[in-house]
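Trainee: for reference, the sequence and a predicted model appear below.
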Amino acid sequence: MNFNLEDIENTNKVSATILLIAGIALLLMFVYFIMPFLSPIVLFIAILFLFYPLRHNTYVNRLMWLVGLLFIVWLSSSLIGVLTPFILAFFLAYILNPLVDILEKKNIPRWTSSLTIMLVLIGLVTLFFMLIMPIVLYQFRGIIENVSNFIVSTVDSFKQGTFFDTLRQSGLPVDSIRESIEKELPKRLDAILKSLLEGAFSFITSISIVITQLLNIVIIPFVVFYLLKDFPIVLQSVKSFFPEKRREIIASYFNKVDEVLSDYLRGAMIVAFIQGIISATVLSILGVKYALVLGIMTALLDFIPYVGLLISLVVGTIVAMFSGDQVTGKVIGVIVMYLSQKIFENTILAPKIIGDKVGLHPVILILSLFVFGYFMGFVGLLVAVPTTAVIVMFVKLWQNKKLSVISTNDISI
């Protein structure tokens with residue numbers, strides 16, 4: 001019986017196909033049985049192992065990048081507790097790096113300026129938590145009590161007014177409405193406002209506990225020091241991880257993001273610090289209780305446009321109503337102060353310190369606050385402005401690139 005070469009090749013292809021199908025089936029069975037022991041790390045390595053020979057294919061290359069990014073997101077979320085000191089250290093180094101660059105231009109070695117800045121920062125933070133934080137916590141409890149008293153007095157005055165007479169003339173069931181208001185409204189309002197303020201109180205308390213613990217860990221100041229000292233080297237090392245063909249393009253994008261974030265973060269921190277000092281000083285002059293904690297609250301909430309002003313104004317007004325005599329004058333003074341501060345910030349502080357690189361339309365700004373606040377809570381409100389500014393920047397770059405391509409095509413035609 002004679003076999004030609006073509007028949008042998010066909011037989012080999014069929015055999016290889018059968019073996020491949022059998023191997024895939026056995027692999028799926030094996031994965032099924034060891035599924036409880038699988039982890040994203042194992043799956044990530046397996047995907048890279050399978051796709052690596054085809055890495056030059058465009059779609060496979062993009063798929064590998066997507067898998068890598070998803071793996072980084074998963075790994076970061078899983079190790080967030082471990083990475084918190086390093087994230088804090090990198091944030092501090094990023095904020096303080098321009099100061100080190102300025103000192104370096106004056107022929108001061110980076111390690112000397114980095115060490116000096118780090119020691120000054122540790123001293124300031126330590127003094128704050130030893131001297132000021134106990135006063136802040138005490139005053140914050142006083143604000144919570146004042147808000148609760150305000151709710152009770154407001155509901156009492158509401159029940160004794162002419163509101164129910166108007167409802168009775170309209171033919172509405174006044175008795176049931178009165179009973180609901182008397183029983184449910186005080187409890188619900190008190191619970192809502194208390195939960196908000198106690199949530200903020202626990203947030204501040206948890207921050208103080210975390211930072212106090214972190215300060216006791218030697219690794220954080222060391223990490224900040226070495227990051228500051230070698231910040232240009234760190235950036236160059238990060239840049240080397242990207243493909244050489246796209247390294248310059250990615251670096252240009254990072255530079256644009258750095259321009260937006262650096263202007264906003266450092267400028268917003270300076271503006272918030274100024275606003276906090278102004279608030280605490282003016283409130284003290286007006287004779288409003290808890291001026292220190294109200295000033296700190298104003299500084300923190302200054303990072304949240306519109307919403308921060310509204311919360312500071314409402315809380316400051318309520319506290320002014322329970323700050324002794326001349327209540328009307330104090331309330332008017334608080335309202336005038338916060339509105340004047342906002343005008344002062346929008347017309348002088350923000351244009352001079354932050355600049356116009358983060359300028360966002362009010363509608364986009366409010367929408368971003370709602371979206372980020374919904375998904376990330378209070379932290380989302382804090383990061384809404386810089387994140388939205390970066391997204392808008394990329395959209396503008398994409399539009400400019402698209403317009404340039406269209407204009408080039410028109411010229412060629």
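Mentor: Yes, it's here. Treat the numbers as computed from the prediction; the structure is a model and nothing was measured. Residues are numbered from 1 along each chain as shown.
Trainee: for the nearest residue to residue 324 once chain neighbours are set aside, list the residues it contacts.
Mentor: Excluding its sequence neighbours, the residue lying closest to residue 324 (CB to CB, 6 or more residues apart in numbering) is residue 287, at 6.6 Å. For every residue, glycine as well, the C-beta is placed using N, CA and C. Listed by CB atoms under 8 Å, 6 or more residues apart in numbering, the contact set of residue 287 reads 323, 324, 326, 330.
Trainee: which of these are buried, as a ChimeraX select command?
Mentor: Here is the ChimeraX command that selects only those of those that count as buried (16 or more other CB atoms under 10 Å):
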select :323,330
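Trainee: still on that earlier bit, tell me the phi and psi of the residue nearest to residue 324?
Mentor: phi 80, psi 20 (degrees, to the nearest 10).
Trainee: and it, how far from residue 350?
Mentor: Residue 287 is 30 Å from residue 350, where distance means CB to CB, to the nearest Å.
Trainee: got it, and residue 252?
Mentor: Counting by CB to CB, the gap from residue 252 to residue 350 is 27 Å.
Trainee: out of the two, which sits in the busier spot?
Mentor: Using other CB atoms under 10 Å, the more surrounded residue of residue 252 and residue 350 is residue 350, with 17 against 11.
Trainee: wait, residue 374 touches residue 380, no?
Mentor: Yes. In terms of CB atoms under 8 Å, residue 374 counts as a neighbour of residue 380; the distance is 7.3 Å.
Trainee: buried ones in stretch 375-391?
Mentor: 380, 381, 382, 384, 385, 386, 387, 388, 389, 390.
Trainee: just the C-alphas of it, formatted as CSV.
Mentor: Taking C-alpha atoms only, stretch 375-391 is exported to CSV below (Å, rounded to 0.1, in the frame of the first residue of the first chain):
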residue,chain,number,x,y,z
PHE,A,375,-19.0,56.6,43.3
MET,A,376,-16.3,57.6,45.8
GLY,A,377,-18.0,59.7,48.5
PHE,A,378,-16.1,62.4,50.2
VAL,A,379,-12.8,61.4,48.6
GLY,A,380,-14.5,61.6,45.2
LEU,A,381,-15.5,65.2,45.9
LEU,A,382,-11.8,66.0,46.7
VAL,A,383,-10.4,64.4,43.5
ALA,A,384,-13.2,65.5,41.2
VAL,A,385,-11.7,68.8,40.1
PRO,A,386,-8.1,67.6,39.2
THR,A,387,-9.3,64.4,37.6
THR,A,388,-11.9,66.2,35.5
ALA,A,389,-9.3,68.7,34.5
VAL,A,390,-7.0,66.0,33.3
ILE,A,391,-9.9,64.3,31.4
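Trainee: now do the end-to-end distance for stretch 48-68.
Mentor: Using CA to CA, to the nearest Å, one end of stretch 48-68 lies 9 Å from the other.
Trainee: which parts of it are buried?
Mentor: Applying 16+ other CB under 10 Å to stretch 48-68 flags residue 64 as buried.
Trainee: same check, this time on stretch 229-245
Mentor: For stretch 229-245, by 16+ other CB under 10 Å, it's 229, 230, 231, 234.
Trainee: which element is the last one on?
Mentor: This means residue 234. Assigned by DSSP states H and E, residue 234 falls within helix 231-240.
Trainee: contacts for that helix next, please.
Mentor: Contacts for helix 231-240 (CB under 8 Å, 6+ apart): 93, 97, 100, 227, 247, 250, 251, 254.
Trainee: filter the residues you listed down to the buried ones, ChimeraX style.
Mentor: Here is the ChimeraX command that selects only those of the contacts of helix 231-240 that count as buried (16+ other CB under 10 Å):
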select :93,97,100,227
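Trainee: lowest-confidence one in the contacts of helix 231-240?
Mentor: Minimum pLDDT across these is recorded for residue 247, with 74.
Trainee: where's that one relative to residue 241, distance?
Mentor: The spacing between residue 247 and residue 241, counted by CB to CB, is 9 Å.
Trainee: for the stretch 251-400 of the chain, which segments are assigned as helices?
Mentor: In the stretch 251-400 of the chain, the helices defined using DSSP state H, counting those that start in this stretch lie at 291-301, 307-321, 327-344, 362-412.
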